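In: here are the coordinates; sequence isn't available:
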């Protein structure tokens, strides 16, 4: 009968709508799972990148500290060498001065002696 056919058509339509809703829910669930997995993957990548950046910064800090230490040691070495040169120069000067002063002292002594002799002669 016509009524039975309408009922059958109505049931088939409701059945189709239910299947469509279930499929839509399933697709929504799968999409949510895919999105969650993608976000988790992206978070792992970001964490990995953060760790790499931190390691890079740590290496840079270690290198900078090592370079600073090398520069400090180099400055210290230069200061020591400069001090040693100054001490050497002072010692050399101290050793050379008597040699340079001796003739002058002798000349001065001779001049003083001449003046003394001349004064004695004048007194006589």
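Out: Sure, I can see it. Everything numeric in this text was worked out from a predicted model, so none of it was measured.

In: what stretches of the chain score poorly on pLDDT?
Out: Per-residue confidence of the chain (counting by pLDDT under 70) places the weak regions at 97-102.

In: show me where it has strands.
Out: Assigned by DSSP state E, the chain shows no strands.

In: how far away is the residue sitting nearest the centre point of the chain from residue 52?
Out: Among the residues of the chain, residue 64 comes closest to the average C-alpha position under Cα atoms, centre = their mean, at 3.1 Å. Distance check for residue 64 against residue 52: by Cβ to Cβ, to the nearest Å, it reads 18 Å. Every residue, glycine included, has its C-beta placed from N, CA and C.

In: ditto for residue 22
Out: Distance of residue 22 to residue 52, computed by Cβ to Cβ: 45 Å.

In: what do you get for residue 111?
Out: Noted for residue 111: a distance of 86 Å to residue 52, by Cβ to Cβ.

In: need the contact list for residue 77.
Out: For residue 77, the contact set (Cβ atoms under 8 Å, 6 or more residues apart in numbering) is empty.

In: just residue 75 next, same as before
Out: Applying Cβ under 8 Å, 6+ apart to residue 75 gives no contacts.
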